[in-house]
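**Student:** below is the sequence, then the predicted model.
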Amino acid sequence: FIKMGHPSMHSWAHSITPGWMTKTKSLEPHIDEPGYVKEMLQKGENPKELLLEECKPKCTHWKEKLERCEKQLVTIIKINPTKSCLYPFRDYTTCVEACVQPVIHN
């Protein structure tokens, strides 16, 4: 019997749940709030574009995964044209947005 919160629960759940992964700090991008964010928000300007550029380097794991997929897709699409890199793209985009949104909305 496995109790909730038991250390082996993570490995057990990970093995039966597709796409589920244990929480890893290296995959949780975070930047400290730059000084320009409050200024831009007070002026009614959108700081998101600048923050996106600051957050992209924090998501290298997902970016590399997307690039590997795109590289493999060149040959795979000839055999199966329905294949895409939608999920790696979604993961990379979600990572960047997860870094940007707390800075804007806090």
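**Tutor:** Yep, it's here.

**Student:** which residue ranges of this protein form strands?
**Tutor:** Remark: no strands are assigned in the chain by DSSP state E.

**Student:** show me the helices in it, by range?
**Tutor:** For the chain, applying DSSP state H gives helices covering 7-16, 36-42, 48-55, 60-79, 86-105.

**Student:** now the ones you listed in a markdown table, with mean neighbour count, mean pLDDT and distance to Leu27?
**Tutor:** Every residue, glycine included, has its C-beta placed from N, CA and C. What follows is the helices of the chain, written out as a markdown table (neighbours: other C-beta atoms under 10 Å; pLDDT from 0 to 100; distance: least, C-beta to C-beta, whole Å):
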| stretch | mean neighbour count | mean pLDDT | distance to Leu27 |
| --- | --- | --- | --- |
| helix 7-16 | 10 | 57 | 14 |
| helix 36-42 | 13 | 93 | 24 |
| helix 48-55 | 16 | 95 | 13 |
| helix 60-79 | 13 | 95 | 6 |
| helix 86-105 | 16 | 93 | 7 |
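
**Student:** and Lys25, which of those is closest to it?
**Tutor:** Of all the helices of the chain, helix 60-79 sits nearest to Lys25, with 11.9 Å by C-beta to C-beta.

**Student:** what angle sits between the closest one and helix 86-105?
**Tutor:** Helix 60-79 and helix 86-105 are oriented at 150 degrees to each other (axes from the mean of the first three to the mean of the last three C-alpha atoms, to 10 degrees).

**Student:** which residue packs closest to the residue nearest the centre of the chain, ignoring adjacent ones?
**Tutor:** Nearest to the mean C-alpha position of the chain, by C-alpha atoms, centre = their mean, lies Cys95 at 2.0 Å. Distance criterion C-beta to C-beta, 6 or more residues apart in numbering; nearest residue to Cys95, sequence neighbours excluded, is Cys59 at 3.9 Å.

**Student:** for Thr94, see how far away the one you found is.
**Tutor:** Noted for Cys59: a distance of 9 Å to Thr94, by C-beta to C-beta, to the nearest Å.
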